[in-house]
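> 3D model of this:
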Amino acid sequence: MTQVAFPKLLSSQIAFDIARTILDGFDKHYRLFRHSSLGAKRDFERGDWKTAQHAARERIGFYDARVKECVQIMEDEYQQDDLTDEVWREVKLHYMGLLIDHLQPELAETFFNTVCTKLLHRNYFHNDFIFVRPATSTEYIEAEDTPHTYRVYYPAKDGLNFTLKRIVTNFQLNANFADLQRDVDLVEQRLRAIFGSATLEPNHQIQVLASLFYRNKSAYIIGKGINGNREYPFVVPIMHNRKGELVLDTVLFDTMQITVLFSFTRAYFMVDMAVPSAYVQFIRSILPKKPRSEIYTMLGLQKHGKNLFYRDFLHHLKYSSDIIDAAPGIRGLVMLVFALPSFPYVFKLIKDYFPPPKETTKAMIKEKYLLVKNHDRVGRMADTLEYSDVAFPRERFSEALLDEITKFAPSLLEVNDEEVIIKHMYIERRMVPLNIWLTEAEKRGDYAAMEHGIFEYGNAIKELVGANIFPGDMLYKNFGVTRHGRVVFYDYDEIEYITDCNFRTIPLPRNEEDEMSAEPWYSIGKYDVFPEQFGTFLLGNDKVREYFMRHHADLLTAAYWQGRKQRIVDGKVDDVFPYPQEIRFCNQGKLELIEKPGSTMEDDNTENSADTDCVSAE
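Residues are numbered from 1 along each chain as shown. Here you go, the predicted structure:
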């Protein structure tokens, strides 16, 4: 076991000042983070969706801005000669002391790592100088002046109906409900089906997180019923109707549906948390298979989620022996993709050069990935983790993969006898490429799976359109199928905003020469798109064509795209439902809400919600 050489006495004032500067930088960051999250309640109450979208995007950049400020202070105030190895060791020890009573120590440790890795060479990236391992416990963090993480209710005392109404009203939303009693009755019916007679027992509790979870145009109540050693998770979405009144939309109590709510393909929640580790622990109690890294990420704490993910990856490398090699599928023109078969993620590198017909640059591709990071992914775009200077064991890389990286991305590669260092890469959840999914389904004669894949593919595109995203390259190889059977877009180098595109119908030929010409007889601008041409490269397979035309023929018309673009230009924000339409109360005929054309629905089994009369306000 490696022995850490700690100084006998913490005597460096410089070390303490640096530690204090870094913690002050983190505290400023989290203060602004909470302020933004608190604002989500106000935006939801007002139905101010544009402001909510802007705030969600802006919050993502808070962390890097504070890190940059902190690094600048360090570089301005300290001379390099004063920052010896001994001083840096003391910096970490002083920092640990400052975190003893801190409410977000795990996040502060990650902030420390980020700042220090901006200032130190990668040879210092070990536990003597940074927090490779966490040093501060996050168990049972309490403070007298902070609100409780969750509220506890005993339905046996006042009855389940009264308890549920109290749960909702305790959030003190400054907006009127259309008919709260009606909605509570519907929630009670659903919950009684899973709680059974337990609500009559004195020891039966309902625990509910004290802050609502805001995302898109919904607020979510996160809770669980507890009876002895049994727990029953549930989620209640709150939405606006056409009149701007609030309604309880449904109840989620199926673990899979709640898991999908926290999917890596969705935007981050806005949640006000004094003690984030306690929120993570609560969510893990209802989703025990969900990694802590993903939960932190979905709560908007993506930098700490990224830190935890890397720790998990190092642990996996230590306790596995399979070889890192090129990922299966068609090789792309822009990215190199490799994978560790036993690890459910892929690693993506931007090539150093791109053959025709690609007309792009590394900088432009990075901008596209940043766009996706900051955009509402509506359950149809995979989140990515971006890393620099990642060291892999040399023995775990296949020679063929090293040769491929050396050929196509040499600027990103550094190799020595023990390590392969990748200077920049993205990591994404691994999915089955849709083209492979369709091919394998056809080989098996599983035409239901083929139809499902095409149905989901079209839904993915339509939901991306609603979020103002044009995929650009719509080939099936750029979409993947998740373990839940959902189709997700993951190749971002050609995406554009719908509002930047000009969707056109191909003009009729003027004469026979035009008709016989191998070249277009009409002008084509940089952002011109001709939807009727999509079928040429998408519908070569007869079965695929049959299913596509059955469900998504409108995608081949310029009129469809022009109409959706106009909605966005007019400032309309589509609904996003991360649960099946058929479980919504209004689909049982018990809530009378108004149809909103073009609203989107994120479900594997039902049509776009434009075909229903079950939607909320624009």
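> packing partners for the one helix or strand Asp64 maps to?
Here Asp64 sits within helix 62-77, counting by DSSP states H and E. Helices and strands in packing contact with helix 62-77 are listed as helix 13-46, helix 105-119; criterion 3 or more C-beta pairs under 8 Å, 6 or more residues apart in numbering; DSSP states H and E. Every C-beta, even on glycine, is put in place using the N, C-alpha and C of the backbone.
> so what's the closest residue to Lys351 other than its chain neighbours up against?
Of all residues not flanking Lys351 in the chain, Phe408 sits nearest, at 4.6 Å (C-beta to C-beta, 6 or more residues apart in numbering). With contacts defined as C-beta atoms under 8 Å, 6 or more residues apart in numbering, Phe408 is in contact with 336, 351-353.
> that's a helix at Phe392, yeah?
No: with DSSP: H, G, I helix; E, B strand; the rest coil as the criterion, Phe392 is strand rather than part of a helix.
> any idea how far it lies from Ile323?
For Phe392, the distance to Ile323 under the criterion C-beta to C-beta, to the nearest Å works out to 11 Å.
> of those two, who's got more company?
With other C-beta atoms under 10 Å as the criterion, Phe392 and Ile323 differ in neighbour count, and Phe392 comes out ahead with 18 against 14.
> beta-bridge partners for the more buried one, please?
Counting by DSSP bridges, Phe392 is bridged to Val420.
> isn't it right next to Ile422, touching?
Yes: Phe392 is within contact range of Ile422, at 7.1 Å (criterion: C-beta atoms under 8 Å).
> Leu317 reaches Phe397, doesn't it?
No: at 11.7 Å, Leu317 does not count as touching Phe397 under the criterion of C-beta under 8 Å.
> re the thing from before, quick check: the gap between the residue nearest to Lys351 and His35.
Counting by C-beta to C-beta, the separation of Phe408 from His35 is 45 Å.
> swap in Arg311?
According to C-beta to C-beta, Arg311 and His35 sit 29 Å apart.
> could you do Gly305 as well?
21 Å.
> more neighbours: which of those two?
When neighbours are counted by other C-beta under 10 Å, Gly305 and His35 differ, and Gly305 comes out ahead with 25 against 13.
> without its sequence neighbours, what residue ends up closest to that one?
When the adjacent residues along the chain are set aside, Gly305 lies closest to Thr297, with 3.2 Å between them (C-beta to C-beta, 6+ apart).
> quick one: contacts for that neighbour?
The contact partners of Thr297, by C-beta under 8 Å, 6+ apart, come to 264, 268, 305-306, 383.
> so which strand or helix has it?
Using DSSP H and E, Thr297 sits within helix 292-298.
> how far does stretch 298-305 stretch from start to finish?
9 Å (C-alpha to C-alpha, to the nearest Å).
> can you tell which of the helices and strands packed on helix 62-77 is closest to His452?
The closest of the helices and strands packed on helix 62-77 to His452 is helix 13-46. By C-beta to C-beta, the value is 34.1 Å.
> after that closest one, which helix or strand is next?
helix 49-60.
> quick one, helices of the stretch 451-600 of the chain?
Under the criterion DSSP state H, counting those that start in this stretch, the stretch 451-600 of the chain contains helices at 512-516, 534-538, 542-552, 558-569.
> so for Ala467, which of these sits nearest?
helix 558-569 (8.9 Å).
> packing partners for that closest one?
Other elements packing on helix 558-569 under the criterion 3+ C-beta pairs under 8 Å, 6+ apart are helix 447-466, strand 502-503.
> what's the most buried one of these?
Of all the helices and strands packed on helix 558-569, helix 447-466 has the most neighbours on average by mean count of other C-beta atoms under 10 Å, namely a mean of 21.
> contacts for it next, please.
Counting by C-beta under 8 Å, 6+ apart, helix 447-466 makes contact with 378-381, 434, 437-438, 441-442, 470-471, 474, 476, 479, 481, 485-489, 498, 543-544, 547-548, 550-552, 555, 561, 564, 574, 576, 598-602, 604, 608, all of which sit outside it.
> and the direction of that helix versus that of helix 558-569, what angle?
Computed with axes from the mean of the first three to the mean of the last three C-alpha atoms, to 10 degrees, the direction of helix 447-466 lies at 40 degrees from that of helix 558-569.
> using PDB, write down the CA coordinates of helix 447-466.
What follows is helix 447-466, C-alpha atoms only, in PDB (Å, rounded to 0.1, in the frame of the first residue of the first chain):
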ATOM      1  CA  TYR A 447     -41.100  -7.700 -38.400                       C
ATOM      2  CA  ALA A 448     -42.800  -6.300 -35.300                       C
ATOM      3  CA  ALA A 449     -39.300  -5.200 -34.000                       C
ATOM      4  CA  MET A 450     -38.600  -3.700 -37.400                       C
ATOM      5  CA  GLU A 451     -41.800  -1.700 -37.300                       C
ATOM      6  CA  HIS A 452     -41.100  -0.600 -33.700                       C
ATOM      7  CA  GLY A 453     -37.700   0.600 -34.700                       C
ATOM      8  CA  ILE A 454     -39.000   2.700 -37.600                       C
ATOM      9  CA  PHE A 455     -41.900   4.000 -35.600                       C
ATOM     10  CA  GLU A 456     -39.500   5.100 -32.800                       C
ATOM     11  CA  TYR A 457     -37.100   6.500 -35.400                       C
ATOM     12  CA  GLY A 458     -39.800   8.800 -36.700                       C
ATOM     13  CA  ASN A 459     -40.900   9.800 -33.200                       C
ATOM     14  CA  ALA A 460     -37.400  10.700 -32.300                       C
ATOM     15  CA  ILE A 461     -37.100  13.000 -35.300                       C
ATOM     16  CA  LYS A 462     -40.400  14.600 -34.600                       C
ATOM     17  CA  GLU A 463     -39.600  15.200 -31.000                       C
ATOM     18  CA  LEU A 464     -36.200  16.700 -31.900                       C
ATOM     19  CA  VAL A 465     -38.000  19.000 -34.400                       C
ATOM     20  CA  GLY A 466     -40.200  20.200 -31.500                       C
END
